[in-house]
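Asks: Sequence unavailable; structure follows:
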(Lines give C-alpha, C1' and ligand atoms only; values in the text may rest on other atoms or scores of the structure.)
Protein backbone atom coordinates (compact mmCIF):
# COMPACT_ATOMS: atom_id res chain seq x y z
CA UNK A 1 0.00 0.00 0.00
CA UNK A 2 1.44 3.35 -1.05
CA UNK A 3 0.36 6.21 1.21
CA UNK A 4 0.37 8.71 -1.68
CA UNK A 5 -1.08 6.50 -4.43
CA UNK A 6 -3.16 3.94 -2.55
CA UNK A 7 -3.16 0.33 -3.70
CA UNK A 8 -0.39 -0.17 -6.24
CA UNK A 9 0.78 -3.17 -8.23
CA UNK A 10 4.48 -3.28 -7.33
CA UNK A 11 5.79 -6.27 -9.29
CA UNK A 12 4.57 -8.77 -11.87
CA UNK A 13 6.59 -11.92 -12.11
CA UNK A 14 7.54 -13.06 -14.63
CA UNK A 15 7.96 -9.53 -15.93
CA UNK A 16 7.15 -10.62 -19.49
CA UNK A 17 3.57 -11.45 -18.46
CA UNK A 18 1.07 -8.90 -19.78
CA UNK A 19 -2.04 -7.80 -17.94
CA UNK A 20 -4.46 -5.14 -19.14
CA UNK A 21 -4.82 -1.89 -17.18
CA UNK A 22 -8.27 -2.95 -15.97
CA UNK A 23 -6.93 -6.34 -14.82
CA UNK A 24 -4.11 -4.59 -12.92
CA UNK A 25 -6.57 -2.19 -11.32
CA UNK A 26 -8.91 -5.02 -10.30
CA UNK A 27 -6.03 -7.00 -8.81
CA UNK A 28 -4.91 -3.97 -6.79
CA UNK A 29 -8.35 -3.54 -5.24
CA UNK A 30 -8.96 -7.25 -4.69
CA UNK A 31 -5.51 -7.83 -3.17
CA UNK A 32 -6.52 -6.16 0.10
CA UNK A 33 -9.27 -7.55 2.36
CA UNK A 34 -12.49 -5.52 2.49
CA UNK A 35 -11.78 -4.47 6.03
CA UNK A 36 -8.18 -4.98 7.02
CA UNK A 37 -8.27 -2.86 10.16
CA UNK A 38 -8.67 -5.96 12.32
CA UNK A 39 -6.52 -8.23 10.17
CA UNK A 40 -3.21 -8.13 12.00
CA UNK A 41 -0.77 -10.72 10.70
CA UNK A 42 -1.39 -12.91 7.65
CA UNK A 43 -4.70 -13.46 5.87
CA UNK A 44 -5.41 -15.73 2.91
CA UNK A 45 -8.35 -15.81 0.51
CA UNK A 46 -9.07 -16.40 -3.16
CA UNK A 47 -10.75 -14.35 -5.87
CA UNK A 48 -12.13 -14.87 -9.36
CA UNK A 49 -11.32 -12.14 -11.84
CA UNK A 50 -12.73 -11.69 -15.34
CA UNK A 51 -10.09 -11.47 -18.07
CA UNK A 52 -10.17 -8.50 -20.43
CA UNK A 53 -10.09 -10.76 -23.45
CA UNK A 54 -9.58 -14.41 -24.38
CA UNK A 55 -5.97 -15.44 -24.63
CA UNK A 56 -4.81 -12.13 -23.14
CA UNK A 57 -1.12 -12.01 -22.34
CA UNK A 58 -0.37 -15.20 -24.27
CA UNK A 59 -2.20 -17.23 -21.66
CA UNK A 60 -4.74 -19.09 -23.77
CA UNK A 61 -5.01 -22.64 -22.55
CA UNK A 62 -2.96 -24.92 -24.73
CA UNK A 63 -3.45 -27.99 -22.59
CA UNK A 64 -7.25 -28.28 -22.62
CA UNK A 65 -6.97 -31.87 -23.78
CA UNK A 66 -5.05 -32.66 -20.58
CA UNK A 67 -8.22 -31.99 -18.61
CA UNK A 68 -10.38 -34.42 -20.58
CA UNK A 69 -12.02 -36.67 -18.06
CA UNK A 70 -11.77 -34.17 -15.18
CA UNK A 71 -14.92 -33.08 -13.38
CA UNK A 72 -16.38 -29.94 -14.94
CA UNK A 73 -15.67 -27.91 -11.79
CA UNK A 74 -11.92 -28.58 -12.28
CA UNK A 75 -11.78 -27.53 -15.93
CA UNK A 76 -9.68 -24.46 -16.84
CA UNK A 77 -11.55 -21.28 -17.67
CA UNK A 78 -10.14 -19.10 -20.46
CA UNK A 79 -12.35 -16.16 -19.47
CA UNK A 80 -11.29 -15.83 -15.82
CA UNK A 81 -8.27 -15.78 -13.60
CA UNK A 82 -8.32 -17.39 -10.20
CA UNK A 83 -6.30 -15.33 -7.76
CA UNK A 84 -4.84 -16.62 -4.51
CA UNK A 85 -4.07 -13.80 -2.13
CA UNK A 86 -1.72 -13.80 0.84
CA UNK A 87 -2.09 -10.48 2.67
CA UNK A 88 0.29 -9.40 5.42
CA UNK A 89 -0.32 -6.53 7.82
CA UNK A 90 2.06 -5.87 10.70
CA UNK A 91 2.81 -2.81 12.81
CA UNK A 92 5.90 -0.97 11.61
CA UNK A 93 6.77 2.37 13.19
CA UNK A 94 9.30 3.07 10.42
CA UNK A 95 6.47 3.40 7.90
CA UNK A 96 4.52 6.68 7.85
CA UNK A 97 1.16 4.93 8.07
CA UNK A 98 2.40 2.76 10.95
CA UNK A 99 1.77 -0.58 9.22
CA UNK A 100 3.45 -2.76 6.64
CA UNK A 101 0.66 -3.87 4.28
CA UNK A 102 1.40 -6.01 1.27
CA UNK A 103 -0.18 -8.87 -0.66
CA UNK A 104 1.22 -11.59 -2.86
CA UNK A 105 -1.29 -12.69 -5.50
CA UNK A 106 -0.83 -15.88 -7.51
CA UNK A 107 -2.88 -15.85 -10.74
CA UNK A 108 -3.86 -18.93 -12.70
CA UNK A 109 -6.56 -20.16 -15.07
CA UNK A 110 -6.81 -23.43 -13.17
CA UNK A 111 -9.57 -23.72 -10.53
CA UNK A 112 -7.60 -25.82 -8.03
CA UNK A 113 -8.53 -23.82 -4.95
CA UNK A 114 -6.86 -25.74 -2.13
CA UNK A 115 -3.75 -26.55 -4.17
CA UNK A 116 -3.05 -22.91 -5.09
CA UNK A 117 -3.95 -21.75 -1.58
CA UNK A 118 -1.28 -24.16 -0.31
CA UNK A 119 1.14 -22.90 -2.96
CA UNK A 120 0.74 -19.20 -2.12
CA UNK A 121 1.03 -20.10 1.58
CA UNK A 122 4.50 -21.50 0.80
CA UNK A 123 5.60 -18.77 -1.62
CA UNK A 124 4.46 -15.57 0.11
CA UNK A 125 6.31 -15.84 3.45
CA UNK A 126 9.49 -16.71 1.57
CA UNK A 127 8.94 -13.68 -0.69
CA UNK A 128 8.45 -11.40 2.35
CA UNK A 129 11.77 -12.69 3.79
CA UNK A 130 13.87 -12.84 0.60
CA UNK A 131 12.17 -10.73 -2.08
CA UNK A 132 12.12 -11.37 -5.83
CA UNK A 133 14.87 -14.07 -5.82
CA UNK A 134 12.47 -16.39 -3.98
CA UNK A 135 9.84 -15.92 -6.71
CA UNK A 136 12.48 -16.51 -9.38
CA UNK A 137 13.51 -19.78 -7.72
CA UNK A 138 9.89 -20.93 -7.31
CA UNK A 139 9.04 -20.05 -10.92
CA UNK A 140 12.12 -21.95 -12.07
CA UNK A 141 10.67 -25.04 -10.34
CA UNK A 142 7.12 -24.42 -11.56
CA UNK A 143 8.24 -23.99 -15.19
CA UNK A 144 9.51 -27.58 -15.07
CA UNK A 145 6.19 -29.00 -13.91
CA UNK A 146 4.34 -31.15 -16.45
CA UNK A 147 0.89 -30.04 -17.58
CA UNK A 148 -1.78 -31.28 -15.16
CA UNK A 149 -3.51 -34.41 -16.46
CA UNK A 150 -6.60 -35.99 -15.01
CA UNK A 151 -5.99 -39.28 -13.25
CA UNK A 152 -2.21 -38.96 -12.96
CA UNK A 153 -0.31 -38.56 -9.71
CA UNK A 154 2.15 -35.71 -10.16
CA UNK A 155 5.30 -35.05 -8.14
CA UNK A 156 5.96 -31.32 -8.28
CA UNK A 157 9.25 -29.96 -6.92
CA UNK A 158 9.02 -26.64 -5.09
CA UNK A 159 11.54 -24.98 -2.80
CA UNK A 160 13.31 -28.21 -1.86
CA UNK A 161 10.12 -30.19 -1.30
CA UNK A 162 7.97 -32.46 -3.43
CA UNK A 163 4.26 -31.75 -3.68
CA UNK A 164 2.06 -34.69 -4.62
CA UNK A 165 -1.15 -33.92 -6.46
CA UNK A 166 -3.71 -35.82 -8.50
CA UNK A 167 -6.53 -34.33 -10.52
CA UNK A 168 -9.42 -36.76 -10.22
CA UNK A 169 -11.36 -38.21 -13.10
CA UNK A 170 -15.08 -37.56 -13.27
CA UNK A 171 -15.52 -41.32 -12.99
CA UNK A 172 -13.74 -41.43 -9.59
CA UNK A 173 -15.98 -42.38 -6.70
CA UNK A 174 -16.50 -39.42 -4.34
CA UNK A 175 -14.93 -41.21 -1.37
CA UNK A 176 -11.70 -41.87 -3.32
CA UNK A 177 -11.71 -38.59 -5.23
CA UNK A 178 -11.62 -36.59 -1.99
CA UNK A 179 -8.34 -38.25 -1.04
CA UNK A 180 -6.74 -37.40 -4.38
CA UNK A 181 -8.26 -34.04 -5.22
CA UNK A 182 -5.85 -31.71 -7.02
CA UNK A 183 -5.89 -29.65 -3.91
CA UNK A 184 -4.83 -32.47 -1.58
CA UNK A 185 -1.15 -31.91 -1.12
CA UNK A 186 1.56 -33.92 0.56
CA UNK A 187 5.22 -33.26 1.17
CA UNK A 188 7.96 -35.77 0.63
CA UNK A 189 9.36 -37.23 3.86
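Replies: Arrived safely. As the structure is a computational prediction, the values presented were derived from the model and not from experiment. Numbering: from 1, shown residues only.

Asks: contacts, neighbours, all on C-alpha from now
Replies: Will do.

Asks: Against residue 146, how distant is the residue positioned nearest the centre of the chain?
Replies: In the chain, the centroid-proximal residue (CA atoms, centre = their mean) is residue 106; its distance is 2.8 Å. Applying CA to CA, to the nearest Å, the value for residue 106 to residue 146 is 18 Å.

Asks: And for residue 42?
Replies: For residue 42, the distance to residue 146 (CA to CA) stands at 31 Å.

Asks: Compare those two (neighbour count), which wins?
Replies: residue 42 (16 against 10; other CA atoms under 10 Å).

Asks: For the chain, give me the ranges with low pLDDT.
Replies: Applying pLDDT under 70 to the chain flags residues 1-6, 35-38, 53-73, 174-189.

Asks: How far does stretch 149-168 sit from its chain's centre?
Replies: Distance of stretch 149-168 from its chain centroid, counting by CA atoms, centre = their mean, to the nearest Å, is 16 Å.

Asks: longest single strand anywhere in the chain?
Replies: Longest strand of the chain, by residue count under DSSP state E: strand 80-91.

Asks: Buried residues, that strand. List them.
Replies: For strand 80-91, a neighbour-count test (16 or more other CA atoms under 10 Å) marks 80-89 as buried.

Asks: How about stretch 140-160?
Replies: 148-151, 154-159.

Asks: what's the answer for stretch 128-144, then?
Replies: 134-135, 138-139.

Asks: For those, which two are the farthest from each other?
Replies: Farthest apart among those by CA to CA are 134 and 139. That separation is 8.6 Å.

Asks: where's the helix ranked longest in the chain relative to the chain centroid, distance-wise?
Replies: Secondary structure of the chain per DSSP state H: the longest helix is helix 113-130. Its chain's C-alpha centre and that of helix 113-130 lie 8 Å apart, by CA atoms, centre = their mean.

Asks: And for stretch 156-175?
Replies: For stretch 156-175, the distance to the chain centre is 16 Å (CA atoms, centre = their mean).

Asks: Kind regards, and thank you for your time.
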